[in-house]
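**Q** just coords:
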C-alpha cells in the first residue's frame, strides 16, 4: 500500500485530513481510531479564552506558574483550566511525560539533549531549543526519562 502526505497551508493548523479510496474505508476508520487513541487531546485556552483541542503529541511541556498550568507547544502557550498538577501528571504519564521538577512535566518525544550538571541537576534541551532544568529531588523520574530515551535510540 502506498502512503502519501501533502502539505496544505490553507487548512486549519489543528487539523489533519485523511483521504482514502472507498475500498479502503475500513482501514481509514481503523487509522482514525488509532490516531485518536494514541495521540489524545487536551482542552486548552489561549489568552483570549478561545478553546482549542491540542493533541498531546504537540505539547512540549506543561509548567505551573502562580498555581496556573500552561501547556507549551513549539511556538504557542496555552492555559489549562482548573486542573491540579498531580491530576495532569496521572493523565499524561502514559503519553511519555515525566516530571522533572515541582512545576514541570516534559514530553520525552521532544527531548533533543540532556546533560548532567553540578549538584545533581540536569539540563534538558527540547526540539524547539527551550531549556529546562531538572531538580535533584526528581532524579529518579529523570533517570526513568533517560532510560526511556535510550530505549528509543535502540529501536531506531
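**A** Sure, I can see it. Source: prediction; values computed, not measured.

**Q** what ranges do the helices span in this protein?
**A** Assigned by DSSP state H, the helices in the chain fall at 25-39, 85-92, 139-155.

**Q** just want the most central residue of the protein.
**A** In the chain, the centroid-proximal residue (CA atoms, centre = their mean) is residue 59; its distance is 3.5 Å.

**Q** buried residues, stretch 134-141. List them.
**A** Of the residues in stretch 134-141, 134-135, 138, 141 count as buried by neighbour count, 16 or more other CB atoms under 10 Å. Heads up, the C-betas are built off the backbone N, CA and C, glycines and all.

**Q** what mean pLDDT does that stretch get?
**A** The pLDDT scores in stretch 134-141 average 80.

**Q** go on, stretch 52-62?
**A** So the average pLDDT for stretch 52-62 ends up being 90.

**Q** what is the end-to-end distance of that stretch?
**A** Terminal residues of stretch 52-62 lie 16 Å apart, using CA to CA, to the nearest Å.

**Q** just for the chain, where's the confidence low?
**A** Along the chain, segments meeting pLDDT under 70 span 13-14, 36-39, 152-156.

**Q** which parts of it are strands?
**A** Taking DSSP state E as the criterion, the chain contains strands spanning 41-45, 51-55, 61-65, 68-72, 77-80, 97-101, 104-107, 111-116, 122-126, 131-134.
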